[in-house]
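*Asks:* can't give you the sequence, but here's the structure:
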């Protein structure tokens, strides 16, 4: 068995952030009458996602706090629509998280991949920069909780992906060896570059198949199930 330990990112690797967030945002768009400010729920979600992606990158690099991220991810897109719209940010943030964590859409092939790897005896772990009160709730509602030996959240470790120290810490905590470990994630700069700097093989989940990268990762797949032949004959 080439690998024994699989370190999997959570958001958009296993749990479909875009589908789940879009569903909640559509409901909030209608509940708060945001058609006054944005022509469609999709337009509002696109603005939210643009700002949120930027904020998570800043958070991962230690340049902003958790509190600022939570406040700004709704404040920023609403600010674009004007002061009256921005005043709704706190209410949207209050309603968003409780609705988000109960969503259950998964990435294609996620459950099949995890089940096959569990049958084969792979040891699996979650590695995430997500906030603990959100990630544990998502995991509990997803039906995937039983697949993982441990959950490694940056908040609890004190380091964020892509820091080498983060990956060093999780491998050590899992009592694993780097040469027997594989990091699987959808964010190239955070998951793949971080794992490479730590000396760990990487699997880049790129559903489009066209993301330009600074180097070629150990593996690149569109769907997690594409990794099963690589892990064969152990699955």
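*Replies:* Nice, thanks for sending it over. Keep in mind the model is a prediction, meaning the values are calculated, not measured. Numbers count the residues shown, from 1 in each chain.

*Asks:* what's the domain layout of the chain?
*Replies:* Domain assignment for the chain by automatic domain parsing gives 5-16+106-231, 17-100.

*Asks:* Adding mean neighbour count and mean pLDDT, write the ones you listed out as CSV.
*Replies:* Bear in mind the C-beta positions are built from the backbone N, C-alpha and C, glycine included. Below are those laid out as CSV (neighbours: other Cβ atoms under 10 Å; pLDDT from 0 to 100):
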stretch, mean neighbour count, mean pLDDT
domain 5-16+106-231, 18, 96
domain 17-100, 16, 93
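
*Asks:* any idea how far residue 37 is from the residue of the chain most remote from its centre?
*Replies:* Most distant from the centre of the chain: residue 84, at 31.7 Å, with distances by Cα atoms, centre = their mean. Computed as Cβ to Cβ, to the nearest Å, the residue 84 to residue 37 distance reads 8 Å.

*Asks:* Counting by contacts, list what the helix ranked longest in the chain packs against.
*Replies:* Across the chain, the helix with the greatest residue count (assigned by DSSP state H) is helix 41-60. When contacts are defined as 3 or more Cβ pairs under 8 Å, 6 or more residues apart in numbering; DSSP states H and E, helix 41-60 packs onto helix 17-31, helix 66-79.

*Asks:* Then the residue farthest from the centre of the chain would be within a helix, right?
*Replies:* Yes: counting by DSSP: H, G, I helix; E, B strand; the rest coil, one finds residue 84 located in a helix.

*Asks:* which ones are touching it?
*Replies:* If you count contacts by Cβ atoms under 8 Å, 6 or more residues apart in numbering, residue 84 has none.

*Asks:* all helices for the chain, in order.
*Replies:* Counting by DSSP H, the helices of the chain are 17-31, 41-60, 66-79, 83-86, 89-100, 110-120, 132-142, 154-157, 164-173, 193-197, 228-231.

*Asks:* Show me the one of those that comes nearest residue 5.
*Replies:* helix 164-173 (7.6 Å; Cβ to Cβ).

*Asks:* who touches the closest one?
*Replies:* Under Cβ under 8 Å, 6+ apart, the answer for helix 164-173 is 5, 7, 125, 127, 150, 152, 154, 157, 159-161, 177-178, 181, 183, 194-195, 197-198, 200.
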